[in-house]
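Engineer: coordinates for the following, if possible.
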Amino acid sequence: MARPRKFDEQQVLHSATETFWTSGFAATSLDDLMRATSLGKGSLYGAFGDKQALFQRVLDGYCANITAGLSKHLSGPDSSAATRLRALFDMAVAAGAPPGPQRACLLAKATAELAATNTEVAVRARQTFTMLAGLLRAEVESAQAAGDIPGDRDPQRTAHHLLAVLRGMEALTEAGMGESVLRDVADTALVAAGLQQA
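Structural biologist: Here you go, the predicted model:
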């Protein structure tokens, strides 16, 4: 009979997430994970599999959280869809304000490090970006229904553009480009989408 686990799985995953997020996949060793989670090799691998399997659990959880977060932010009536979209870009701008650059998105880090060589990571990244684009498209369509985005804007293309700008703003934030640069980027994207005047 297997012995019951004597650890909090969610806490272990949180600790592993922090470790991978800080150091990246390649630079995170088994010893690093054991120290972060306070588990021995047998317990860690017995519960989560090897390092790759653990990282995939971490990435899956992270992607689920950011998708749920965007869905929650964008939920509401058509009449306030434009306001929610503008607020989303305001939050991206605020991330560049002092005290300094924020930690890069784990999905962005994983995609840059692993997507070219790791099929599972590449698939998860594509799935997540597709879901994020779908949420943005639905919000664009809601804003169009309310008359806040011109009907001649293609919602799919607009959503893809907004997603690309938001992801680019994250990279600029990590590089420390600052709030004024991010405001310029955000305003240009919002004008292009028809969400504000030039």
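Engineer: what is the mean pLDDT for the longest helix along the chain?
Structural biologist: Among the segments of the chain that qualify as a helix by DSSP state H, the longest is helix 119-145. What helix 119-145 shows for mean pLDDT is 97.
Engineer: mind listing what's buried in it?
Structural biologist: Neighbour counts using 16 or more other C-beta atoms under 10 Å place 121, 124-125, 128-129, 131-133, 135-144 of helix 119-145 among the buried residues. Yep, even glycine has a C-beta here, placed from its N, CA and C like the rest.
Engineer: mean confidence score for the next helix or strand along the chain from that helix?
Structural biologist: Per DSSP states H and E, helix 119-145 leads on to helix 155-174 as the next helix or strand towards the C-terminus. In this model, helix 155-174 carries a mean pLDDT of 96.
Engineer: following helix 155-174, which helix or strand comes up?
Structural biologist: Counting by DSSP H and E, the element after helix 155-174 in chain order, helix or strand, is helix 179-193.
Engineer: grab the nearest non-local neighbour of the residue nearest in space to the middle of the chain.
Structural biologist: Geometric centre of the chain, nearest residue: residue 66, 4.9 Å, by C-alpha atoms, centre = their mean. Nearest residue to residue 66, sequence neighbours excluded (C-beta to C-beta, 6 or more residues apart in numbering): residue 107, at 6.8 Å.
Engineer: using CSV, list the CA coordinates for the helix or strand where the one you found lies.
Structural biologist: Taking DSSP H and E as the criterion, residue 107 maps to helix 106-114. Coordinates of each C-alpha in helix 106-114 appear next as CSV, following Å, rounded to 0.1, in the frame of the first residue of the first chain:
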residue,chain,number,x,y,z
LEU,A,106,6.7,32.8,-17.3
LEU,A,107,4.9,31.9,-20.6
ALA,A,108,7.1,34.4,-22.5
LYS,A,109,10.2,33.0,-20.8
ALA,A,110,9.3,29.4,-21.5
THR,A,111,8.4,30.2,-25.1
ALA,A,112,11.7,32.0,-25.8
GLU,A,113,13.8,29.3,-24.1
LEU,A,114,12.0,26.1,-25.1
